[in-house]
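S.K.: Provided below for reference: sequence and predicted model.
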2 protein chains.
Amino acid sequence: MANPSVSASPSSTPLLKDELDIVIPTIRNLDFLEMWRPFFQPYHLIIVQDGDPSKVIKVPEGFDYELYNRNDINKILGPKASCISFKDSACRCFGYMVSKKKYIYTIDDDCFVAKDPTGKEINALEQHITNLLCPSTPFFFNTLYDPYRDGADFVRGYPFSLREGVPTAVSHGLWLNIPDYDAPTQLVKPLERNTRYVDAVTTIPKGTLFPMCGMNLAFDRELIGPAMYFGLMGDGQPIGRYDDMWAGWCIKVICDHLGLGVKTGLPYIWHSKASNPFVNLKKEYKGIYWQEELIPFFQSVALPKECTSVQKCYLELSKQVKAKLGKVDDYFNKLADAMITWIEAWDELNP
Amino acid sequence: MANPSVSASPSSTPLLKDELDIVIPTIRNLDFLEMWRPFFQPYHLIIVQDGDPSKVIKVPEGFDYELYNRNDINKILGPKASCISFKDSACRCFGYMVSKKKYIYTIDDDCFVAKDPTGKEINALEQHITNLLCPSTPFFFNTLYDPYRDGADFVRGYPFSLREGVPTAVSHGLWLNIPDYDAPTQLVKPLERNTRYVDAVTTIPKGTLFPMCGMNLAFDRELIGPAMYFGLMGDGQPIGRYDDMWAGWCIKVICDHLGLGVKTGLPYIWHSKASNPFVNLKKEYKGIYWQEELIPFFQSVALPKECTSVQKCYLELSKQVKAKLGKVDDYFNKLADAMITWIEAWDELNP
């Protein structure tokens, strides 16, 4: 069932050129952009500089960008800057908030252009846009994967009433080379590389949670932006490397409630370097046991009918976080408060 | 996370040689087995002959098989033979019932050996066995697909308490060349061929229904056999081509209730010939509108705690079918009765 509004073939004008910002959190010079030049140069970049604000981040010539360091964030948000993490890539969500575009693509600065099995360089951004502009099918599983792709369709037995699909809010891309493993798995399998190119895009079914990685991620700000909060991580916090996971659990329950879709699969990027597993373990270890309580919490979250906007859903969620996770650790009381601050800041910048 | 009990590499003794039957429904000579000889010959075949029992079905030399025609079915089941469809490939489920093995693989006689992208012939049965012997992960989505495959694992953020997985009851394989489309889609896209080889196996999440196709399907009889009933189709029935769908909805809600897994994806077979879409439309048209009520029914089925065996689940399901679908059409009252007869016959042959 080919979708008439989307063409995956290269066109002269890049898709959504004026409707999409690329958000990059970084602490270093952005040489990695050289490799992405053919694909990213037409787009506007929002660079969120983490760490020491006095350091100068070099951006390769010819890119159109705005850059925010910690001083900028503090100036723009005032006391509400407390909801933006420091010394953690969670700071990237500030970029989601200051963007004025409909779509966001976010990528880590250790991610390079991957090749498909024919050796062709993958335009990850174009595939994300295709994913976002095609509907999702969260209510029933299609065994031939995304029914809207060329050469695919809904299979026999797929209810016709569900074939229109629902709007796609999130497109989660994957990684060749270094897989996104937790510290224990990194430690156990230091040499594992992901070499399997799976040529598929799948809607994650309604009611199913997934581990959302922020390394290669696109979303529709208008549909889900206010829920894309990456939480309190890094400096002064008891936990790291759960920023994207937290956001993923939150957006999934809200997408399920609002009838929006989340896709995962293509596109791949080439993830160049494994982070240090010992450092990661220190950041993750509380998350590793907390998540055993977080998952059942998110699996059982029920949002009332009155929650008809992302903001309302998110504020309701923050209430439930405080009520039910506050007893797991006081951190979740702080996080619940930060979720409210985030929404206040979002609404201030996006009136 | 490699599973120590399973090796996908060819071994001298075929996997599960004495624990698996291959069930083939047919109305013609089984020349298609020639192509499968390297993979199927070590296994026992159960051939269910549909249509005219006086016709002689030729089976290529060297295969070990038993064959049942309609007279045999009537003789073995007596009045209970009424639950086995006639003039429809749904008759294949008789083979599931008479088997004495732990595992079943069923395949249509217009399915041939497919090739992977490297040109290598795919041993579909071996991949099904691998799928069945590896656990499933229905409670949380793993973005790198089956975490038990070589070179894959659970990604960051996957709860550790869920990494043991659950036993896999069903392995649903796919089709290259002719996709399994319904009649309307066949009519609209007569030339569509599936050429996309997706190198993935995925657990269908708990609470999500899928369209199960019987063309290339394996399952664990001990875990789910009594629910693999292909319903009343074909001769004397108002509907056809929903046999496998019906079974798929039933097994999925029962697997979800009992904590068993259903996998889909690899292996592919080569589906050689599209069936006639006009004939298919006649068989399907009631199903096409009935399924709009069937899906919500199956999505809302709740099985009580007392249903601790597949048989108990299935009998409870038949009750709910009668209570809730009987009003859609009287056919479902007959089907609900046939579900009970099926279980009685199953228990008689499998004491």
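M.R.: Okay, I see it.
S.K.: Spit out the contact partners of residue A:249.
M.R.: If a contact means Cβ atoms under 8 Å, 6 or more residues apart in numbering or on different chains, then residue A:249 has A:209, A:212, A:294, A:295, A:298 as its contacts. Using the backbone N, CA and C atoms, a C-beta is placed for each residue, glycine as well.
S.K.: Restricted to helices, list those residues.
M.R.: Using DSSP state H, A:294, A:295, A:298 are the members of those that sit in helices.
S.K.: how far away is residue A:102 from chain B?
M.R.: With the distance defined as Cβ to the nearest Cβ, to the nearest Å, residue A:102 ends up 25 Å from chain B.
S.K.: Please, which helix or strand holds residue A:329?
M.R.: For residue A:329, there is no enclosing helix or strand under DSSP states H and E.
S.K.: Can you get me a residue count around the residue nearest to residue A:68 when sequence neighbours are not counted?
M.R.: In this structure, residue A:68 finds its nearest non-sequential neighbour in residue A:48, 5.5 Å apart by Cβ to Cβ, 6 or more residues apart in numbering or on different chains. Neighbours of residue A:48 under the rule other Cβ atoms under 10 Å in any protein chain shown: 26.
S.K.: What values do phi and psi take at residue A:48?
M.R.: When quoted as degrees, to the nearest 10, the phi and psi of residue A:48 stand at phi -110, psi 110.
S.K.: any low-confidence regions in chain A?
M.R.: Residues of chain A meeting the criterion pLDDT under 70: A:1-12.
S.K.: just the strands in it please.
M.R.: A:20-26, A:44-49, A:64-68, A:103-107, A:111-113, A:168-177, A:201-203, A:216-220, A:261-271 (DSSP state E).
S.K.: out of the ones you listed, nearest to residue B:240?
M.R.: Residue B:240 lies closest to strand A:201-203 among the strands of chain A, at 29.2 Å (Cβ to Cβ).
S.K.: Which neighbours in the sheet does the closest one have, and how are they oriented?
M.R.: Strand pairing for strand A:201-203, determined by DSSP bridges: strand A:261-271 (antiparallel).
S.K.: any idea of the angle the partner strand forms with strand A:168-177?
M.R.: Orientation of strand A:261-271 against strand A:168-177 (axes from the mean of the first three to the mean of the last three Cα atoms, to 10 degrees) gives an angle of 30 degrees.
S.K.: what's the distance between strand A:261-271 and the middle of its chain?
M.R.: 10 Å (Cα atoms, centre = their mean, to the nearest Å).
S.K.: can you check stretch A:314-323 too?
M.R.: On the basis of Cα atoms, centre = their mean, the separation between the geometric centre of stretch A:314-323 and that of its chain is 21 Å.
S.K.: Stretch A:210-221 too?
M.R.: So, by Cα atoms, centre = their mean, the centroid of stretch A:210-221 is 2 Å from its chain's centroid.
S.K.: Just want the residue of the stretch 1-150 of chain A that's nearest chain B.
M.R.: For the stretch 1-150 of chain A and chain B, the shortest gap (Cβ to the nearest Cβ) falls at residue A:141, measuring 3.8 Å.
S.K.: so residue A:149 touches residue A:201, yeah?
M.R.: Yes - taking contact to mean Cβ atoms under 8 Å, the distance of 6.8 Å between residue A:149 and residue A:201 places them in contact.
S.K.: neighbour-wise, which of those two wins?
M.R.: For residue A:149 versus residue A:201, neighbours defined as other Cβ under 10 Å are more numerous around residue A:201 (25 against 22).
S.K.: what's near enough to touch that one?
M.R.: Remark: with contacts taken as Cβ under 8 Å, 6+ apart, residue A:201 is in contact with A:131, A:145, A:146, A:149, A:263, A:264, A:265, A:266.
S.K.: now for the residues you listed, which pair is the farthest apart?
M.R.: Taking Cβ to Cβ as the measure, the contacts of residue A:201 reach their widest spread between A:149 and A:264, a distance of 14.1 Å.
S.K.: okay, now the residue of the stretch 1-150 of chain A closest to chain B: neighbour count?
M.R.: Residue A:141 is surrounded by 23 other residues when neighbours are defined as other Cβ under 10 Å.
S.K.: OK, contacts around it?
M.R.: Contacts were defined as Cβ under 8 Å, 6+ apart; by that measure residue A:141 touches A:205, B:204, B:208, B:209, B:210, B:211, B:264.
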